[in-house]
Structure formats: C-alpha cells, structure tokens
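Asker: Predicted model, plus sequence, below.
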Amino acid sequence: MFADIVGFTEISARRSPTELVELLNLIFSKFDQLSELHGLEKIKTIGDAYMVVGGLPVPHSDHAEAIAEMALDMQRGLSEFNTETGEALQIRIGINSGPVVAGVIGTKKFIYDLWGDTVNTASRMESHGIPGTIQLAASTYELLRDKYQFTARGPINIKGKGEMTTYLLTGQLSEAVQSDR
C-alpha cells in the first residue's frame, strides 16, 4: 500500500521546514501505530508518501484484510487529525496484491525495500487515485470482495500498465451480509 498526502507541494510552500517536519511526524507516527496494530511492516516514507506491506517478512493469510483495515483507519485517523488541528488534509491510497522481491541492497544506509510489478502497480493505484479514496487493483479486490464494500471505478488508463479495472474501497460489509455471500 502507498499513501500520499494530496496537495503536499502547496502545503509545504505555506509552512516553515520545521512546521512541515512536525506535521509529517504527527501524521506518520499515527500511521506507524496503525501499522503495528494491524501487524503490517512499514517499509519507508518517501517525502509525503507512506509505504507499508502485509505478509512480509512473515507471511500471513489475512494480509489483504490487514491492509484494507489499515487504509480505512488511516482515513479515519486523518479525519480526526483534521478535526483536532483545523487542517483540511486528504490522502490518496493505492493497494495491490501479489508477489514481490524484498531485501536490502547496497553498502550504505541499509533499508529493507520491495520491488516488482506488484509494488509498481500499488504505487500507480495511489498516483492515479482520487483524493480521499482508497483505490485497489483487481487482484486485491478479488481477495476482499466478500468482506468489504466497493465502488467499481471501471477501466482507467494507468501509466506504464495500460487500461486496468480498479475499485474504490468504501468500507466493511456487516457480518450478516458476509454470511449471505
């Protein structure tokens, strides 16, 4: 999953560097807490973007659900942050599921990182998403379709991928609805 603060360039132009770091630290610290709560692995922050993965380094069968729950919690958390601070920030979230290559490369500033088409597609789901939404590729939709509510966004042109059918995660299904499926 990739999450990005919408309009960050404009936000950064109105704040001092210290204020900007404090703002990001508050938001990303909350995201770090959510990552731990949901048993996910934070990979890194990239400027105003946040990258997290489920099922690594230890595989677990509910990785897609954990990512979906974190994404929904991130939206709620940012809404609470906005209420508390008077901000009007939005995030755009992109999710994809599939195989990845993970590891540490290089000899300086070691960082655990991920590579592959799955990662690239998750990034594209975020960058081609709609502000304030959680956009998923079809692979993740298939894993979650019986447990969550979605709006089909339909086919959209994704840079480097071509036309892809995507979905917007809008919430959880009630247990009664899940048992009917």
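Answerer: Structure received. Numbering: from 1, shown residues only.

Asker: Please enumerate the strands of the chain.
Answerer: Secondary structure of the chain by DSSP state E: the strands cover 2-5, 41-46, 49-53, 91-95, 101-104, 112-115, 134-137, 148-158, 162-172.

Asker: Adding mean neighbour count, mean pLDDT and distance to Ala71, write the ones you listed out as a markdown table.
Answerer: Glycine gets a C-beta too; all of them are placed from N, C-alpha and C. Below are the strands of the chain laid out as a markdown table (neighbours: other CB atoms under 10 Å; pLDDT from 0 to 100; distance: least, CB to CB, whole Å):
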| stretch | mean neighbour count | mean pLDDT | distance to Ala71 |
| --- | --- | --- | --- |
| strand 2-5 | 23 | 96 | 8 |
| strand 41-46 | 16 | 94 | 14 |
| strand 49-53 | 22 | 96 | 9 |
| strand 91-95 | 26 | 97 | 5 |
| strand 101-104 | 11 | 90 | 20 |
| strand 112-115 | 15 | 89 | 17 |
| strand 134-137 | 28 | 96 | 5 |
| strand 148-158 | 14 | 93 | 10 |
| strand 162-172 | 16 | 95 | 6 |
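
Asker: would you turn these into CSV with distance to Gly77?
Answerer: Below are the strands of the chain laid out as CSV (distance: least, CB to CB, whole Å):
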stretch, distance to Gly77
strand 2-5, 11
strand 41-46, 15
strand 49-53, 12
strand 91-95, 10
strand 101-104, 26
strand 112-115, 23
strand 134-137, 13
strand 148-158, 18
strand 162-172, 15
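
Asker: what residue ranges in this structure score low on pLDDT?
Answerer: The model of the chain has pLDDT under 70 over residues 175-181.

Asker: Which helix runs longest in it?
Answerer: In the chain, taking DSSP state H as the definition, the longest helix is helix 63-85.

Asker: Let's see that one as CSV, backbone CA atoms only.
Answerer: The C-alpha trace of helix 63-85 is given here as CSV (Å, rounded to 0.1, in the frame of the first residue of the first chain):
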residue,chain,number,x,y,z
HIS,A,63,-2.6,-9.7,4.7
ALA,A,64,-5.1,-8.2,2.4
GLU,A,65,-7.7,-7.7,5.1
ALA,A,66,-5.0,-6.1,7.4
ILE,A,67,-4.0,-3.7,4.7
ALA,A,68,-7.7,-2.8,4.0
GLU,A,69,-8.3,-2.2,7.7
MET,A,70,-5.2,0.0,7.9
ALA,A,71,-6.3,2.0,4.9
LEU,A,72,-9.7,2.6,6.4
ASP,A,73,-8.1,3.5,9.7
MET,A,74,-5.7,5.9,8.0
GLN,A,75,-8.7,7.8,6.6
ARG,A,76,-10.4,7.9,10.0
GLY,A,77,-7.1,8.9,11.7
LEU,A,78,-6.5,11.8,9.2
SER,A,79,-10.1,13.0,9.7
GLU,A,80,-9.6,13.1,13.4
PHE,A,81,-6.3,14.9,12.9
ASN,A,82,-8.0,17.5,10.8
THR,A,83,-10.7,18.0,13.4
GLU,A,84,-8.1,18.4,16.2
THR,A,85,-5.8,20.7,14.2
